[in-house]
Structure formats: C-alpha cells, structure tokens
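Peer 1: make a model of this:
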Amino acid sequence: MATVLVTGATGFIGSQLVKALVDAGHEVKCAVRECPAQGKCSRLACIPVDYTRDFEPDVWQRRLAGIDVTINAVGILREHGAQTFEALHDRAPRALFAASAAAGVKVVQISALGADERASSRYHLSKKAADDALLASSKKAVVVQPSLVYGPGGTSARVFNMMASLPLIPLPGAGDQAIQPIHIDDLIRAVVRLVETERYLGQRVPLVGPEPVTLQRYLDELRHSMGLGPGKFMHIPAALVDISAQIGQWSGKGMLDLDTWRMLQRGNTADPGATRNLLGRAPKPVSEFTSPWSARESRTSALMEWLELVLRVSLAAVWLVAGVVSMGVYPVEDSYAMLARVGITGSSLAPIALYGAAALDFAFGLGTLFLRRRKFLWIAQATLIGLYTVTITFYLPEFWLHPFGPLIKNLPILAAILVLYELEKR
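Peer 2: Below you'll find the model as predicted:
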C-alpha cells in the first residue's frame, strides 16, 4: 500500500479519489487551501497549500516527506481573481512535479482530453504545458486525460442535467458536437488503478466512455434516464452562440465562455481501450449514468436549477409591479384613503409611507433579480408581507373577502419565499 498526497482533495474529483484510495487501503494526505472541519479530509492528515503562490519546488519538497505517490487533481474551468489557468494549471503543478522528480515520487497528473498539439483554448494550453513539463522531467509519471466527467455533485452533471430537463432544450449549432463522457465512478477506479500499476508510466492515458455521442444524443439520454420523456430541441445559430460566449467571457457568468465554446466545437473523443484495460470491463454508457433509484433525485435537482430562476423572476415581477402601481398608476388619493384607515395621515407622513413603500418594493424586486446572496432578503420580504397581512387584517379586513383574493395570495408568495430561502442553503 502507498502513501498518497492528493492535491485538490476537497474538489469534485479529488474528494472522490480520497475516499476510494482510503477504501483501497492506501494512506492518504490531503493538500488543500484550507483544511476542512468536515468531510473525509478532516479525518486525515491535511497539508495547507496555495496554488496561487506555491511556485517554487522548495515549497513542495518538505510536503513530500514519506510520500510515495502524488495525484494532482487541482483544476478550474474558469479563471477568478488570482485563480488563473497559468497559476493553478501550470506554474504550481510544475513546482510540485519538479519536487516530486527530485524526491523520486510517482506523479499521477489529472489533465484533460484535448490538452494536446491541437489545443487552442487557454484551459487546454495551460494543462498541456504542465503535462509536457511533467513527462519531460520524470520517468515515474502518468498523465490522465479524462473526457467530460459526469457524476453527482459535479458541475458538468448539474449543467447538462439542467439543460436536459428544460421543456425546450437549446442546442448550439446543429448539436452534433462529439463528446465521450465518462462516469466519475469509472474515472476514480481507473486513477486508483494507475496509482497501483507501473504499466502506463511516461504516457498520456485518455479516460473516456465506451463510444462517442453527439451533444444532442447525450442530452436526450440524460433526459430519458431522469424519466422526463423525449426531448424537444431548439437549434441556436452558431453566430448567436458566439455572441453568448463572448458575453459569458466578459461577465464571467452563463454556461459558455469562449474557451468552453471552442472546446465543445472541437469535440472530445478518444479510443476507450486504455479505459477498458484499467477497469477490466467496458466503461458505463450514458444510459447507465443515472441509476433507477436515483432518477427522481436527479430529476428534481435538474428541474430546480431552472425552476428556481422562474420562481425568482416571477417574485421580482410582483415586487416591481407593486412599486410601479403604488407610484401613481393606482389613484394616489385612493392609496391615501387606505393609509388613513390604518392611521397614517398628514401631508408629510402619508406621502413618505406611500412612496417609501413603493421604493422598498422596487428594492426588493431588483434584489431578487441581481443580489448574489439573498438569505436576508428572503427574511426581509417575508417579514414585510407578514406585517402587511396582519395590518390589513385588522384595519382593512374586507380584502380577505375580495373575489380576486389580494390577501390570500400572500400565502403562496410566502411559500415561494420559503422555497427560495431553503434553496439558498445549497
């Protein structure tokens, strides 16, 4: 059994690797930015590292004492602040690889399919630079090149399940982009096997599913596995996808940026022979990615990814329309008359109450649309609705009997706010 240092040990792939290695009897040390209070790494030896600054081999040498194998599982799909492709994919890994070579430590580098001579995206180019440096400096190294990785908790699974669950599924271009996704369970099993074998040293090893599929077929099979029936597809012209990718690049938001769009256009396929050899069987096809007993959970999670947005937009519309109506669309004198029945009168107090409430409605509407952290917003909205409901019940009780139900509608609105509040904890 080996002592294994796993970098990025709390990430999607890294955390699964830690569990699998421990289950296989290996001793594991977790190299992470901050040692977690919970999770597998909280019960194992934890080494604080900073991939945005640890660019010298000397920094890594003392961390490798007693280590037999290093697995580099650090990776990002988009840059954010100091977390750049150059830092996390190239400079810090190069330092780790140099220190590992000097110490005689075996390295398993988790790269990406497409990080080769045809690479054009900054993501692939940064991965390739580190891969090349590793294979040039060490004979005890293997570069793992997984295709698109699917698994519970993974960003890829979340995005593609969400897309597959839409009533009308948007497809970039013809939707014929070739991909060969691999399930996280197969990827982890193959990497653990690479830790335990010397067979593929000095090589790049593609890890892929059993066969290439088009993006449209992939989404259709995911949809079928979630029990949602046949999908209806809408083809988006490539020119519009280009514009969307540029906006995503500029804003840092959205499903596509220029890098991911280029990678999707290029395709992502390879010979599954090495994957079969490492697993001792064929890798899982897409049709088996979601098991029958987890289909409902996957379906609910996928639907909530976009239904949450629908809920937020509709709630924001309620607040914004209420603000517009209160500003004068509804007769102001009638608004003052209702305020007077509540006890708010006077040439200064009544306008402050009316227009202040309208401004608060606007603020709630805009916050619902644009705030990134909304936990306290939901509490404030529910509190205000509760206050309005109690006040109107005592001073304007006839609204409970109005045929349009202006007060009873507060109940589903409060329920919607409760759902959004709970979803905020995800």
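Peer 1: going forward, measure contacts and count neighbours with C-alpha atoms only.
Peer 2: OK.
Peer 1: ok, now which ones touch the residue nearest the centre of the chain?
Peer 2: Among the residues of the chain, the one closest to the centroid is residue 155, at 3.7 Å (C-alpha atoms, centre = their mean). The contact partners of residue 155, taken as C-alpha atoms under 8 Å, 6 or more residues apart in numbering, number zero.
Peer 1: output the contacting helices and strands for the helix or strand hosting residue 136.
Peer 2: Using DSSP states H and E, residue 136 maps to helix 122-137. Using 3 or more C-alpha pairs under 8 Å, 6 or more residues apart in numbering; DSSP states H and E as the contact test, the elements touching helix 122-137 are helix 85, helix 92-103, strand 141-146.
Peer 1: by contact count, what packs against the longest helix seen in the chain?
Peer 2: The residue-count maximum for a helix in the chain (DSSP state H) belongs to helix 295-324. Counting contacts by 3+ C-alpha pairs under 8 Å, 6+ apart, helix 295-324 is packed against helix 155-165, helix 349-370, helix 410-423.
Peer 1: residue 176 is nearest to which of those helices?
Peer 2: helix 155-165 (15.2 Å; C-alpha to C-alpha).
Peer 1: and that closest one, what's buried?
Peer 2: By 16 or more other C-alpha atoms under 10 Å, the buried positions in helix 155-165 come out as 157, 158, 160, 161, 162, 163, 164, 165.
Peer 1: what separates the second one from residue 215, distance-wise?
Peer 2: Using C-alpha to C-alpha, to the nearest Å, one gets 15 Å for the distance from residue 158 to residue 215.
Peer 1: ok, now the fifth one?
Peer 2: Distance from residue 162 to residue 215, counting by C-alpha to C-alpha: 14 Å.
Peer 1: if we can go back for a sec, give me the contacts around the helix holding residue 136.
Peer 2: Taking C-alpha under 8 Å, 6+ apart as the rule, helix 122-137 contacts 77, 85-86, 89-91, 93-94, 97-98, 101, 109, 111-112, 114-116, 119, 141-143, 202-203, 259.
Peer 1: over to stretch 87-103?
Peer 2: When contacts are defined by C-alpha under 8 Å, 6+ apart, stretch 87-103 is touched by residues 51-58, 60-61, 64, 70, 72, 74-76, 106-107, 126-127, 129-130, 133-134, 137-138, 140.
Peer 1: redo that, cut-off 7 Å
Peer 2: For stretch 87-103, the surrounding residues in contact (C-alpha atoms under 7 Å, 6 or more residues apart in numbering) are 51-52, 54-57, 60-61, 74-75, 106, 126-127, 129-130, 133-134, 137-138.
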